[in-house]
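Asks: Sequence unavailable; structure follows:
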């Protein structure tokens with residue numbers, strides 16, 4: 001129990017500071033391992049219950065995968081003490097936000113507790129699993145209507161957890177870490193001991209964007225968070241952004257369309273958060289903007305060396321480059337990517 005106890009102590013302190021709200025369960029948070037427990041764990045306030053393999057761990061013999069699993073579950077359930085228990089979804093259609101947010105926070109907290117684990121790189125595998133399911137015609141939107149409680153079980157999948165976490169991380173990286181944190185804290189304070197709809201969180205984050213953040217590389221005040229997130233949450237699938245050389249020097253052309261494994265006639269458009277990294281005459285810089293049309297020509301600099309779209313990989317979309325742009329990127333992969 002030493003490893004999960006250390007993780008829980010760190011996480012409780014981290015969350016109290018991040019959310020700007022003391023732990024809402026008083027002076028008690030028991031973590032209990034139960035044989036043959038049906039779920040991985042359950043976020044009962046002050047009495048979190050776990051499957052034995054999700055809590056107990058021998059540090060002398062445990063594999064890295066076992067350490068990661070226990071840390072993630074403990075941090076996930078503790079995040080629910082605020083996001084899920086202190087503030088609760090109004091109905092089951094909001095389940096994704098409950099679980100996606102706890103999945104996001106477990107990774108964010110773990111990245112601070114164990115930075116050497118490079119957990120966001122590791123999360124790339126989870127994001128890839130969500131990509132695969134989301135490229136099928138049988139995928140579903142992150143948030144779907146729930147007409148009967150029996151339908152709830154259908155929502156516990158990689159779309160609700162991993163894709164939901166991915167679009168939250170996409171927003172976090174686009175508007176900036178402190179802007180995001182500030183919005184989350186305001187949302188939890190405003191709705192403590194109450195029930196919410198998904199848009200309540202988007203409105204809090206949009207309000208936070210309107211506050212000046214000199215450290216942000218995007219004009220966050222102009223980010224339409226509610227419109228952006230509604231598009232990603234209520235629309236099934238994801239886009240591929242094709243990057244091609246434009247006719248004029250210093251420009252590239254971006255095209256977006258839905259990505260599917262099988263032929264698809266859909267003409268869905270997303271507001272795609274683009275983080276663009278470019279090297280021009282030896283100088284590397286970044287800029288952020290929303291791609292909201294099917295096609296957009298972007299100026300990146302005369303005689304540029306190379307360009308990366310979705311720099312950092314936080315965007316939940318795929319990117320392809322024409323042969324000329326791809327060759328510039330792969331000429332020195334370790335430096336350019």
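Replies: Looks like it came in fine. As the structure is a prediction and not an experimental result, all values here were calculated from the model.
Asks: quick one: the residue lying closest to residue 8 once chain neighbours are set aside from residue 25, how far?
Replies: Excluding its sequence neighbours, the residue lying closest to residue 8 (CB to CB, 6 or more residues apart in numbering) is residue 74, at 5.4 Å. (Glycine included, C-beta is placed from N, CA and C.) Note on residue 74: its distance to residue 25, by CB to CB, to the nearest Å, is 15 Å.
Asks: Those two - which one has more neighbours?
Replies: residue 74 (27 against 16; other CB atoms under 10 Å).
Asks: What is the strand or helix carrying the more buried one packed up against?
Replies: In the assignment (DSSP states H and E), residue 74 maps to helix 64-82. Helices and strands touching helix 64-82, as assessed by 3 or more CB pairs under 8 Å, 6 or more residues apart in numbering; DSSP states H and E, comprise helix 2-19, strand 41-42, strand 47-51, helix 95-113.
Asks: Could you identify which of those is most buried?
Replies: Each of the helices and strands packed on helix 64-82 was scored by mean neighbour count; the highest is helix 95-113, a mean of 22, by mean count of other CB atoms under 10 Å.
Asks: Show the average pLDDT along that helix.
Replies: Summarised as a single mean, pLDDT over helix 95-113 is 93.
Asks: rewinding a little: and the next element down the chain from the helix holding residue 74?
Replies: In the C-terminal direction from helix 64-82 (assignment by DSSP H and E), the next one is strand 87-89.
Asks: what sits up against that following strand?
Replies: By CB atoms under 8 Å, 6 or more residues apart in numbering, the list of residues contacting strand 87-89 from outside reads 95, 97-98, 187-188, 191-197.
Asks: Which of the helices and strands packed on helix 64-82 sits closest to residue 257?
Replies: Counting by CB to CB, residue 257 lies closest to helix 95-113 out of the helices and strands packed on helix 64-82; the figure is 24.9 Å.
Asks: buried residues in the very next helix or strand once past that closest one?
Replies: Elements were assigned by DSSP H and E; along the chain past helix 95-113, the next helix or strand is helix 119-134. For helix 119-134, the neighbour count (16 or more other CB atoms under 10 Å) marks 119-120, 123, 126-127, 130-131, 134 as buried.
Asks: would JSON lines of these with pLDDT and distance to residue 64 be doable?
Replies: What follows is the buried residues of helix 119-134, written out as JSON lines (pLDDT from 0 to 100; distance: CB to CB, whole Å):
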{"residue": "119", "pLDDT": "95", "distance to residue 64": "12"}
{"residue": "120", "pLDDT": "94", "distance to residue 64": "16"}
{"residue": "123", "pLDDT": "92", "distance to residue 64": "15"}
{"residue": "126", "pLDDT": "91", "distance to residue 64": "16"}
{"residue": "127", "pLDDT": "93", "distance to residue 64": "19"}
{"residue": "130", "pLDDT": "95", "distance to residue 64": "22"}
{"residue": "131", "pLDDT": "96", "distance to residue 64": "24"}
{"residue": "134", "pLDDT": "95", "distance to residue 64": "28"}
